[in-house]
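In: Next input, structure requested:
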Amino acid sequence: MDRIRGLASLFWREVAKFGAVGGVAFVIDNGLYWYLIHGPMSGSEVKARFVSAGIATVFAWVANRYWTFRHRRQPNAVRELVMFVLINVIGMGIAAGCVAVAKYFLDVTEPGPLFLVGVFGTVLATVVRFLAYRFWVFNVELEAEPEFGPEDRDVLQQDPAPTPGPGSTTSEGEQVRHSPAG
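Out: Numbering: from 1, shown residues only. Model (predicted):
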């Protein structure tokens, strides 16, 4: 039961951090989008959504990699980045697709309603991104990570027992191995 509570606590901490990163990325994305559709990209709302989402994505990758999911980073950073970019392209497609449907199929032409549709698309894409990041991109087992804090290891241990000293053996006679971190 303690393991379940620990995993739930860890999950909600990741959700909170992801939410904070997402909140800042949301402001970057939509603030830039608003500026672009009322200025340099007026009349190109779909392209503006891709530009704003792309810039917000760069911020989100850095923040999620080094803060939200820092204990779950892939050992192969290139593979992780490729997966992250793929998920974000899908997310950008969701956000821009919502604007495209509103503009080209529902004939919405005013910037205000298109902005709100873009916000809806961003929220939908955010849910998809979190699930993909958590279970596909940043999915390294936490207990194997050297940076995983001792307080997190204790929470995740199913049956907390005293750690045997160097040279100890298990009840089956196997040698106990210790990591360099202890």
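
In: which is the next helix or strand following the longest helix along the chain?
Out: Using DSSP state H, we find that the single longest helix of the chain is helix 2-37. Sequence-wise, the next helix or strand downstream of helix 2-37 (DSSP states H and E) is helix 45-63.

In: returning to that earlier point: got the buried residues for the longest helix of the chain?
Out: Applying a neighbour-count criterion of 16 or more other C-beta atoms under 10 Å, one finds 6, 10, 14, 17-18, 21-22, 25-26, 28-30, 32-34, 36-37 buried in helix 2-37. (Glycine included, C-beta is placed from N, CA and C.)

In: can you check stretch 124-141 too?
Out: 125-126, 129-130, 132-134, 137-139.

In: next one: stretch 97-112
Out: Buried residues in stretch 97-112, counted by 16+ other C-beta under 10 Å: 98-100, 102-103, 108, 111.

In: With stretch 59-76 instead?
Out: For stretch 59-76, by 16+ other C-beta under 10 Å, it's 60-61, 63-65, 68-69, 71-74.

In: Compute the first-to-last residue distance for it.
Out: For stretch 59-76, the first-to-last residue distance is 20 Å (C-alpha to C-alpha, to the nearest Å).

In: Could you list the low-confidence segments of this protein?
Out: Along the chain, segments meeting pLDDT under 70 span 141-182.

In: swap the cut-off to 80 and go again
Out: 1-11, 71-78, 81, 139-182 (pLDDT under 80).

In: Confirm that Ile94 sits in a helix.
Out: Yes: under DSSP: H, G, I helix; E, B strand; the rest coil, Ile94 sits within a helix.

In: For it, which non-adjacent residue is spatially closest?
Out: Once flanking residues are discounted, Ile94 sits nearest to Ala125: 4.1 Å by C-beta to C-beta, 6 or more residues apart in numbering.
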